[in-house]
Structure formats: structure tokens, C-alpha cells
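K.L.:
One predicted model, sequence on top.
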Amino acid sequence: MFSPSVQIGGLFFLSLQFVPAHSTRPLMNWQVLNTPRCELGESPFWHPGEQRLYWVDIPKCQLYRFKPASGAVEHWTVPSEPGCIAPMQSPAGGLVMALRNGIYRAAQWGGPLELLAPAQHDVANFRFNDGKADPMGRFWAGTVNERRDAATAHLYCLATRPGNEHVAAPVLQAQMGGATVANGLAWSPDARTLYWADTSSHTVRAWQWDAVRNLLTGERVFGHWPEKPPLWVAGAAANPPYAGRPDGAAVDIEGNYYIAMYEGAQVLKLSPAGVVLDCLPLPAQCPTMPCFGGPDL
């Protein structure tokens, strides 16, 4: 199993398995990028200033960045599993990253790591997973219960913005819980809605979000899909219908929510009201997360 990066237009996604997917709809013109194979590729983001695509390979403790214009790929080995990364406002290409035991920052690519906040979970059984920076610049990261035996994962936020010398040291605060595998984190373009998914329960939820005060209210179910049928087998020519389960997400400028459906070989496009507007069939069974990028974005 490997994780190629795949692109169509300005949309990238990462996949755990790249195998022919059975779909009644013709596949779009996806292009496989010439990037390293990963065990579990995650957390892609496009850096417009650098014109690079960044992502991580969680089990192999690798960070990657790729410049499409030149084809250059760089990798960086970090001390433990990087669940997610986000860019800092740094001319040297600084990053914030969630490693197994805490949130770190590096002032430049490949540079020394500075611990911003230690993890609050049991690092023997939990690690950070999906996360990114919110519209105000705060870094968020959810966790995964690696035993998958209880909904005890949380979504955390750094209480202050990293790199601001005039505020108190960052503090990691739990914002929500009740998940097993935290995923699907995204915000609406008007910064009034936060989305968060629990992959194990096949559910995406949405909240009204006060960006300035960082307050969440009005929880609602945004999307829910049936569980995997008992006889379903990945890659089989004949399977019971299965949409997959929600993994990573991205939002476009119109507020539509794009969710990678793990084992469903598709990315679904949902309206701000939670209505499925489109299905993007993929040549891969297990997409993990989409992102938008490219020279026009």
C-alpha cells in the first residue's frame, strides 16, 4: 500500500491505497504526481508563497514538500509521528506540527524543533491526527484512539498564536471530545462555521463558531453515512454499496465542503446546508484528505 499524490486542476488528494476503484461514473482526468510513496499520506496543504505542496507520512515520521514547477521533492524526518502540519508566517518556511507527544514549531524547513505545548493525551495509546490552522491563525489538532475501543479522542486548539512574543505562552485546550478518530476539520469562508468529523461513527458535525472569542455553539449533524456492510471487501469486483467513511476535508470559496471518503473511492462535495452536490470518483480506494492548490490559487 502506498500514498501517491493525485491532482486534477487545483484539487489535490492523498490516498492510502492506489487501486482501481469500481464506480458507475467515469473517472475524471486525475494525474498521479511524481512524489514518494507513503505508508499513510496525510495533511496536504498548498503554500501559495512557495508554490509548493506539503504533506506528511505519519507512520514513517516524514514531512514532504513538492514544487510542481521543478519536480523537486524534499523530505524531513521528525522524532515521532506527525499527525498534521500548518505553515507559519515565516519567510524561511516555518511550520507548526503535531507530533505524538506535543505541538512543535520550526522556524525553517529542517530546522530545530521547539515544543510549544505538550500533549494532554496518553501517548502510548493516542496520537495527534487531522488538524490545521483556523482563519485567525490558531493551530488545531484532533487525536485518534489507536485501540479504536472507545470514543475518547478530542479536538485541541492552541490558545494563543505561535510566534507572537507579546502574549502568554501557548496552551493546548480541549475544545470537543466524543470521537474515536478525529478528522474532517475545516472552517467556512466567513469564519462562522466549524466542521469536525469522527471517522469511526461515519459522521461530520458542524458548529456555529465565534472566531474572535473561539466559542462553539449550536452543534448539529452535517453529514452521516451508513456503516460498512459486513461482506464488503476492499478492491472486490462485486461489493455491497458503501460510500466510505469521512476522513480529511477542505472548503472552497463558495463554502462547499469536500470530504474524502475513506474506502469509498470518492470525494463528496456538500453544500453549506449539508446537501451532497457532487461526487468525484477516484482511481484510489482510500483517499485520506483533499486540498486546493496550484499557481492560480
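P.N.:
Thanks, I have the structure now.

K.L.:
Going by C-alpha atoms from here, please, whenever you check contacts or count neighbours.
P.N.:
OK.

K.L.:
And residue 120, how close does it get to residue 235?
P.N.:
38 Å (Cα to Cα, to the nearest Å).

K.L.:
Can you list the low-confidence ranges for the chain?
P.N.:
1-28, 160-168 (pLDDT under 70).

K.L.:
Counting neighbours, what do you get for residue 109?
P.N.:
Residue 109 is surrounded by 15 other residues when neighbours are defined as other Cα atoms under 10 Å.

K.L.:
And for the one 5 residues further on?
P.N.:
By the criterion of other Cα under 10 Å, residue 114 has 12 neighbours.

K.L.:
Next: residue 146.
P.N.:
Residue 146 is surrounded by 14 other residues when neighbours are defined as other Cα under 10 Å.

K.L.:
Residue 55 now?
P.N.:
Using other Cα under 10 Å, residue 55 is surrounded by 24 other residues.

K.L.:
Can you give me the separation between it and residue 218?
P.N.:
32 Å.

K.L.:
what do you get for residue 280?
P.N.:
The spacing between residue 280 and residue 218, counted by Cα to Cα, is 30 Å.

K.L.:
quick one: which of those two has more around it?
P.N.:
Neighbours of residue 280 and residue 218, each counted by other Cα under 10 Å, are more numerous for residue 280; the result is 15 against 9.

K.L.:
and that one, what are its phi and psi?
P.N.:
Taking degrees, to the nearest 10, you get phi -100, psi 100 for the backbone angles of residue 280.

K.L.:
Sheet partners, orientation included, of the strand ranked longest in the chain?
P.N.:
Scanning the chain for the strand with the most residues, using DSSP state E, yields strand 215-224. Strand 215-224 sits in its sheet next to strand 203-210 (antiparallel), going by DSSP bridges.

K.L.:
Show me what the partner strand is in contact with.
P.N.:
Surrounding strand 203-210, the residues in contact under the criterion Cα atoms under 8 Å, 6 or more residues apart in numbering are 184, 191-198, 215-225, 245-246.

K.L.:
what's around residue 221, how many residues?
P.N.:
By other Cα under 10 Å, 14 other residues sit near residue 221.

K.L.:
Show the contacting residues for it.
P.N.:
Listed by Cα under 8 Å, 6+ apart, the contact partners of residue 221 are 203, 204, 205, 206.

K.L.:
Between all of those, which two are separated the most?
P.N.:
The widest separation within those, taken as Cα to Cα, falls between 203 and 206 and amounts to 10.1 Å.

K.L.:
Isn't residue 185 up against residue 249?
P.N.:
Yes. Using Cα atoms under 8 Å, residue 185 and residue 249 qualify as a contacting pair, with a distance of 6.3 Å.

K.L.:
And stretch 259-271, how far out from the chain middle?
P.N.:
From the chain centre to the centre of stretch 259-271 is a distance of 13 Å (Cα atoms, centre = their mean, to the nearest Å).
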